[in-house]
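S.K.: let's see this in three dimensions:
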Amino acid sequence: MVWWIDPAKDDAVVEVVLREIKSDGPLRNLNVVKNDYMRVDGRWWLKRSENTSITHGVVEVHTFHHAEFDRPDHPKSLGVETFNMPPGVQVADFRLAAQGIYGMDAMGRYLGGGVIVSEAEWREQIAPGFDMESLSQFKNAELAAHGHGQYPRWWGASDSTLGLDRVASDPDQWEAYVRRWILRHSHQVVVDLKAALPTTTLTAAQIESAWAILKDCRKRAEPVLRRKAKADSARAESAASAISQPSTAPAGDLRHDDGTASSVDRSEDRFDRELGKVFELLKSRLNGLLQSKQVHRKAAE
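M.R.: Modelled structure (predicted):
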């Protein structure tokens, strides 16, 4: 681990690199963190932190938009009440951490006045007779405003779209889909501070193969897009001709006399179906890269 520290910024850490050194090979970087700072109330504070996992091809960026220190209106001490959290909220008791107890074993419930009870005591003795209304309102308000706060909003979307609208028929979005697929399968999910799921994230070879699959599928989509562009051009010319030679048909009528859809509508549907088939192939080939333990990990996650 190599650290770069800037004495001109009160010894702020501006870069950290995790390197792998093997006796039978060259040194290589595994992870790089770069930090930019801003001057706030006489202190150096993070403005932007960029964490690049070279092994997984993933970049996480944290940006601070506002910070302040030692203002007259700031509380002199911080506690659960400072953040308007109601009794019954789940907290981590760092007094237990000081004793070497971490993770879920250090979690408890705050009852007010500095009192924290264990999850077992809360569940068995207090919760049955506790008014949950204020706690439920607090949780619902927080989730509505911020989500769970651990993952982007698309994280919970289905594998079919990963939160991208009309992605199947829009090859321009396929790169975003692959990026999200790699990110989802490269993220190490920590269950608690003591244990994590096995390290079964994507390998560098799998990531390289994913990008190769995208390149091939976009190549397959190119003829469809060319035909679609040609059809769009013909439709535009037809519309221009119709304007110069007004028809007796009602304005905007794209249907035949028998009520069936026009050939323009059918061709649009055909192009979307063709692109959708290529996108299904993309997804199938991506998931084919996963090892059985990686599929199991996703189910556990």
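S.K.: would you say Ile116 is within a strand?
M.R.: Yes - the assignment for Ile116 by DSSP: H, G, I helix; E, B strand; the rest coil puts it in a strand.
S.K.: which strand residues bridge it?
M.R.: Beta-bridge partners of Ile116, counted by DSSP bridges, are Tyr110.
S.K.: what sits against it?
M.R.: For Ile116, the residues meeting the contact criterion (C-beta atoms under 8 Å, 6 or more residues apart in numbering) are Val91, Asp93, Gly108, Arg109, Tyr110. Heads up, the C-betas are built off the backbone N, CA and C, glycines and all.
S.K.: tell me, how many residues neighbour the last one?
M.R.: Which is Tyr110. 21 (other C-beta atoms under 10 Å).
S.K.: these two touch, right, it and Thr82?
M.R.: No - with the criterion set as C-beta atoms under 8 Å, Tyr110 and Thr82 do not qualify as a contacting pair; they are 12.0 Å apart.
S.K.: report the secondary structure state of Val61.
M.R.: When classified by three-state DSSP, Val61 comes out as strand.
S.K.: give me the neighbour count for it.
M.R.: The burial count for Val61: 10, using other C-beta under 10 Å.
S.K.: thought it was touching Glu50?
M.R.: Yes - between Val61 and Glu50 there is a contact at 5.2 Å, judged by C-beta under 8 Å.
S.K.: any idea how far Arg273 is from the residue positioned nearest the centre of the chain?
M.R.: Of all residues in the chain, the one closest to the mean position by C-alpha atoms, centre = their mean is Pro152, 3.6 Å from it. Relative to Arg273, Pro152 is positioned 30 Å away (criterion: C-beta to C-beta, to the nearest Å).
S.K.: one more: Asp70?
M.R.: Between Asp70 and Arg273 the distance, using C-beta to C-beta, works out to 63 Å.
S.K.: quick one, which of those two is more surrounded?
M.R.: Set side by side, Asp70 and Arg273 give different neighbour counts by other C-beta under 10 Å, the larger being at Arg273 (12 against 8).
S.K.: go through the helix or strand hosting the more buried one and flag the buried ones.
M.R.: Under the criterion DSSP states H and E, the helix or strand holding Arg273 is helix 263-288. Buried positions in helix 263-288, judged by neighbour count with 16 or more other C-beta atoms under 10 Å: Ser267, Glu268, Phe271, Asp272, Glu274, Leu275, Val278, Phe279, Leu282, Lys283, Arg285, Leu286.
S.K.: how close does the nearest residue to the fourth one once chain neighbours are set aside get to Arg95?
M.R.: Just to be clear, that refers to Asp272. With C-beta to C-beta, 6 or more residues apart in numbering as the measure, Ser169 is the residue that lies nearest to Asp272, at 4.2 Å, once sequence neighbours are left out. Plainly put, Ser169 is 56 Å away from Arg95 if you go by C-beta to C-beta.
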